[in-house]
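>>> No sequence on hand, only this structure:
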Ligand code: DC
């Protein structure tokens with residue numbers, strides 16, 4: 001990783017918000033983390049907050065499609081996100097950083113994310129953190145809704161088969177063996193719900209730069225984004 005620091009060692013002088021949106025498992029979080037590290041600013045994964053609320057519903061046997069009950073539960077969910085290289089997320093003082101990656105949570109998170117009250121709660125937390133910190137934030141509506149005035153916006157895409165392979169690898173690293181077919185179905189299911197919901201659907205902001213990383217490796221993707229950063233904000 002020294003390579004990244006050597007090339008781009010400077011921290012932005014003024015507060016900078018970089019929004020990265022895109023489909024599930026398209027490499028948003030890898031790019032966001034790499035950019036944050038290179039620019040020496042903080043990374044924030046907005047999806048983790050939707051996952052936390054979904055986990056709460058599962059733990060309390062609230063069906064994610066029972067909107068009334070999910071909304072009624074919201075005041076009892078206290079989330080705390082510590083920003084940094086390794087984000088730590090706590091819910092009601094319990095560390096849930098790893099638990100939110102479980103298959104059950106992935107299965108239901110898009111259903112929970114369609115609920116406007118859930119979105120309002122998450123957005124309030126995200127905007128609060130963005131008030132005082134330079135951030136690279138990834139999600140589905142960061143450049144369109146959460147930070148429409150972000151300094152730089154990327155919309156990341158990749159072929160669905162590549163995304164499936166990447167997600168399966170990630171899950172394997174967490175010790176979970178899931179068939180490719182199952183992983184792909186989950187991705188397509190979430191893409192569909194995320195892009196067709198009424199409130200803040202996944203879409204490219206007009207001023208977002210598209211990065212299709214189907215044929216890019218991690219370093220190439222980062223270099224491309226840093227070039228855009230340098231020409232847009234440092235130029
Ligand atoms: O990035 P992720 O896969 O961890 O996100 C989980 C879900 O959260 C995703 O399927 C949709 C929802 N989400 C959202 O609606 N808006 C965001 N800004 C981030 C995530």
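Arrived safely, thanks for sending. In this text, all values refer to a predicted model and were calculated from it rather than measured experimentally.

>>> who in the protein is up against the ligand?
24, 46-47, 50-51, 109-110, 113, 139-142, 190, 194 (C-beta under 6 Å from any ligand atom). All C-beta atoms are positioned from the backbone trio N, CA, C, and that covers glycine.

>>> out of these, which are inside strands?
Here DSSP state E is the test, and those give residue 139 as lying in strands.

>>> would JSON lines of the residues of the chain next to the ligand with neighbour count be doable?
Shown next, in JSON lines, are the residues of the chain next to the ligand (neighbours: other C-beta atoms under 10 Å):
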{"residue": "24", "neighbour count": "22"}
{"residue": "46", "neighbour count": "25"}
{"residue": "47", "neighbour count": "19"}
{"residue": "50", "neighbour count": "23"}
{"residue": "51", "neighbour count": "23"}
{"residue": "109", "neighbour count": "24"}
{"residue": "110", "neighbour count": "23"}
{"residue": "113", "neighbour count": "27"}
{"residue": "139", "neighbour count": "30"}
{"residue": "140", "neighbour count": "27"}
{"residue": "141", "neighbour count": "24"}
{"residue": "142", "neighbour count": "31"}
{"residue": "190", "neighbour count": "21"}
{"residue": "194", "neighbour count": "22"}
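
>>> Out of the residues of the chain next to the ligand, the closest to residue 95 would be?
Nearest to residue 95 among the residues of the chain next to the ligand, counting by C-beta to C-beta, is residue 51 at 13.7 Å.

>>> The chain: helices as residue ranges?
Ranges of helices within the chain are 2-7, 28-39, 47-59, 67-73, 103-113, 116-132, 160-173, 180-196, 218-233, based on DSSP state H.

>>> Reformat those as TSV; add mean pLDDT.
TSV is the format used below for the helices of the chain (pLDDT from 0 to 100):
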stretch	mean pLDDT
helix 2-7	43
helix 28-39	94
helix 47-59	97
helix 67-73	98
helix 103-113	92
helix 116-132	96
helix 160-173	92
helix 180-196	93
helix 218-233	95
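
>>> Residue 88: which of the ones you listed is closest?
helix 47-59 (10.1 Å).

>>> quick one: contacts of that closest one?
Residues from elsewhere that reach helix 47-59, judged by C-beta atoms under 8 Å, 6 or more residues apart in numbering: 62-64, 70, 73-74, 76-77, 79, 81, 87, 89, 91, 96, 99-102, 104-106, 108-109, 111-113, 118, 121-122, 125-126, 138-140.

>>> Stretch 92-100 now?
Residues from elsewhere that reach stretch 92-100 (C-beta under 8 Å, 6+ apart): 48, 51-52, 54-55, 76-78, 80, 87-90, 105, 174.
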